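Chemist: kindly return the folded structure for what I paste below:
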Amino acid sequence: MEQEKLEYPQKEGSIKTVKDTACLPYNDLAGGIAVKIRSIVNEKLDNRQKVKLLNEIVENRGFVTVSENTEKETVTKMFETVHTESEYNDNLNGAKALNKNGYDVYILPRVSGIKCFDYILAKDSKVYAAELKTIYGENSLSNRLKTANEQSDRVVLNIVGNATSRYVADEIKGFYLRNSHIKEIIVLKGGKPFYVDYDQTKDKKFAKKFMDRWAR
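Modeler: Numbers count the residues shown, from 1 in each chain. I've put the predicted structure just below:
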């Protein structure tokens, strides 16, 4: 049966592509993308093994360029079989903000049966797996963070709705208390990133320092 196709609208700075809504199965034929993602998510790999698989994934020819930032010489690439339109928009908007701050971004396909991370980020010759959470308001932050730790040890929070700096700081601190293995949270506020790790949240003045950075 022919799979449903979604044609997305032309966006400034992007290449118009046609993508289908199918999930990649465990055993895909497109260079083993699904198998490699499954290994990263489910197996206890050391950092060297994980980086090797991440590099192999981004070299796959199934990725197409959907956005470029010529000023920063960065690019967003997306695998051809991926998401629904709403997921596509969230992922692309977050990726564009990261592009502007020096990251190449690879938007991954969903893989059936796996809670997969959204991005592979590349910057300064390093690659990272990262899960994107788009935050439209305070009510969504807590629930969105709860699922983040199941998908990656790095989280990108793209704050696009109304949320106070104190509320976000308290939620991040509470999240780290339950998930100290998370290496880093990249907070995108107004398209600009700042970074939070577990050690920062142990500071008694964390909330104040976070609010000061938020206001810059």
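Chemist: show me the contacts for Pro193.
Modeler: By C-beta atoms under 8 Å, 6 or more residues apart in numbering, the contact list for Pro193 reads Ala97, Leu98, Asn101, Ile186, Val187. For every residue, glycine as well, the C-beta is placed using N, CA and C.
Chemist: using the three-state scheme, assign the second one.
Modeler: Meaning Leu98. Taken by DSSP: H, G, I helix; E, B strand; the rest coil, the conformation at Leu98 corresponds to helix.
Chemist: buried subset of the contacts of Pro193?
Modeler: The neighbour count (16 or more other C-beta atoms under 10 Å) marks Ala97, Leu98, Ile186, Val187 as buried among the contacts of Pro193.
Chemist: check which helices and strands the helix or strand hosting Lys208 sits against.
Modeler: Taking DSSP states H and E as the definition, Lys208 sits inside helix 206-215. Secondary-structure packing of helix 206-215 (3 or more C-beta pairs under 8 Å, 6 or more residues apart in numbering; DSSP states H and E): helix 165-178, strand 192-196.
Chemist: mind redoing it with 7 Å?
Modeler: Judged by 3 or more C-beta pairs under 7 Å, 6 or more residues apart in numbering; DSSP states H and E, helix 206-215 is in contact with helix 165-178.
Chemist: quick one: residues in contact with the helix it packs on.
Modeler: 138, 141-142, 145, 159, 182, 185, 196, 198, 201, 206-207, 210-211, 214-215 (C-beta atoms under 7 Å, 6 or more residues apart in numbering).
Chemist: kindly report the same for stretch 113-122.
Modeler: Contacts for stretch 113-122 (C-beta under 7 Å, 6+ apart): 26, 37-38, 41, 54, 57-58, 91, 98, 103-108, 110, 127-132, 150-152, 156.
Chemist: mind checking the pLDDT average for that stretch?
Modeler: In this model, stretch 113-122 carries a mean pLDDT of 87.
Chemist: again, but for stretch 61-81
Modeler: Mean predicted confidence for stretch 61-81 is 79.
Chemist: can you give me the buried ones in that stretch?
Modeler: For stretch 61-81, using 16+ other C-beta under 10 Å, the buried residues are 62-63, 66-69, 74-79, 81.
Chemist: can you show me the strands along the protein?
Modeler: Along the chain, counting by DSSP state E, strands occupy 5-7, 18-20, 63-69, 74-79, 104-107, 119-123, 126-137, 154-162, 184-189, 192-196.
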